[in-house]
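[1] dropping a prediction and its sequence here:
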Amino acid sequence: MHEPPPAPPQRARPPRWVLAALLTGVGILVVASNVGNIFYATLVERRPALLLCLNSTNRVLVGVTNQLDAMTYYGIGFVRLLLADPLFYLLGLFYGDAALRWIERKMGDGAASIIWFEKAFQKARYPIVLIAPNNPVCLLAGASGMRVPVFLTLNAIGTIGRLYLARLFGKAFIAPISAVTGFLDRYRWPILAVSIGLFILQSALKNKQGQRPGDLGSLAELKHEIDASEAGPRRGAGEGGTDGPAEGGSVVDDRR
């Protein structure tokens, strides 16, 4: 009878400062994204490069692409999009179980879709990372033990593809996009006041309900989950960057 290959040896948990550094990096990017969201109307026409440095969501990519030359757009966009991905990859690599449980809790009633996505990821992780290298996908890539060179290559190609598609869309619909960004710029101060007010109101409501406001609160929950996790075997993170799932080949435990 054919014996299955032994599971790769488990990587020791890194020092505590590594977790602090990873969460600090993600926290800085969260703050920058929130600032970009709040000041979107004031920056999209007048400071598009600054807005792209702060926030790289699709609406920002589409909104600024016609304001920037190709070198500025691709240069800033590529770096900004890639900043978060290695952080989530390392969180998955070092803290796979706890990080995945954190994602499960964030999804709430979507646990079934989490389990389905984990199974789908195991079957097609290379094309998924290539097509959609977002934060949960990067976390799953790390938790599955995907090798660093493979992850970085697929992530970089996928990021360039996303930038290209956003620019293509922006050029195809330049007139309506310009009309929207022009409107936002014309009424930027009232829109800014409303954006700040909504942000404060949402934070206050979450605080009143006993929830930690925003993504920073979510990062605090992730730290708590990791702190509470046992030091036993975890998914992913085979020694030497083994390109394959640890623990018998499944990343599933329950997750998004």
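    Nice, I can see it.
[2] only C-alpha atoms for contact and neighbour calcs from this point on.
    Fine.
[3] for residue 36, give me its contacts.
    Going by CA atoms under 8 Å, 6 or more residues apart in numbering, residue 36 touches 51, 54-55.
[4] who wins on neighbours among those?
    residue 51 (26 neighbours; other CA atoms under 10 Å).
[5] would you mind measuring from that one to residue 178?
    Remark: distance between residue 51 and residue 178 (CA to CA, to the nearest Å) = 16 Å.
[6] picking up where we left off before, including distance to residue 139 and secondary structure, could the contacts of residue 36 go into TSV?
    Shown next, in TSV, are the contacts of residue 36 (distance: CA to CA, whole Å; DSSP: H, G, I helix; E, B strand; the rest coil):
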residue	distance to residue 139	secondary structure
51	26	helix
54	22	helix
55	20	coil
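[7] which residues of the stretch 151-256 of the chain score low on pLDDT?
    Scanning the stretch 151-256 of the chain for pLDDT under 70 picks out the ranges 209-218, 229-256.
[8] in it, which spans are helices?
    Per DSSP state H, counting those that start in this stretch, the stretch 151-256 of the chain carries helices over the ranges 174-186, 188-208, 214-228.
[9] cool, the stretch 1-150 of the chain as well?
    Here the stretch 1-150 of the chain has its helices, by DSSP H, counting those that start in this stretch, at 16-38, 40-43, 48-54, 58-65, 70-94, 96-107, 111-123, 125-131, 135-143, 148-172.
[10] deepest-packed of the ones you listed, please.
    Among these, helix 135-143 has the highest mean neighbour count (mean count of other CA atoms under 10 Å), at a mean of 26.
[11] which elements pack onto that helix?
    Applying 3 or more CA pairs under 8 Å, 6 or more residues apart in numbering; DSSP states H and E, one finds that helix 135-143 contacts helix 70-94, helix 96-107, helix 125-131.
[12] got the CA coordinates for it in PDB?
    Once non-C-alpha atoms are left out, helix 135-143 reads as follows in PDB (Å, rounded to 0.1, in the frame of the first residue of the first chain):
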ATOM      1  CA  ASN A 135      -6.000  40.100   1.800                       C
ATOM      2  CA  PRO A 136      -7.900  36.900   2.600                       C
ATOM      3  CA  VAL A 137      -6.400  35.200  -0.400                       C
ATOM      4  CA  CYS A 138      -2.900  36.200   0.700                       C
ATOM      5  CA  LEU A 139      -3.600  35.000   4.200                       C
ATOM      6  CA  LEU A 140      -4.800  31.600   2.800                       C
ATOM      7  CA  ALA A 141      -1.700  31.400   0.600                       C
ATOM      8  CA  GLY A 142       0.500  31.700   3.700                       C
ATOM      9  CA  ALA A 143      -1.600  29.300   5.700                       C
END
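[13] average pLDDT for that helix, rounded please.
    In this model, helix 135-143 has a mean pLDDT of 88.
[14] about what we covered before: residue 78 is nearest to which of the helices of the stretch 151-256 of the chain?
    Ranking the helices of the stretch 151-256 of the chain by their distance to residue 78 (criterion: CA to CA) puts helix 174-186 first, at 21.6 Å.
[15] what comes up buried for the closest one?
    Along helix 174-186, the positions that meet the burial threshold by neighbour count (16 or more other CA atoms under 10 Å) are 174, 177-178, 181, 184-185.
[16] returning to what we had before: closest one of the contacts of residue 36 to residue 163?
    The nearest member of those to residue 163, counting by CA to CA, is residue 55 at 13.4 Å.
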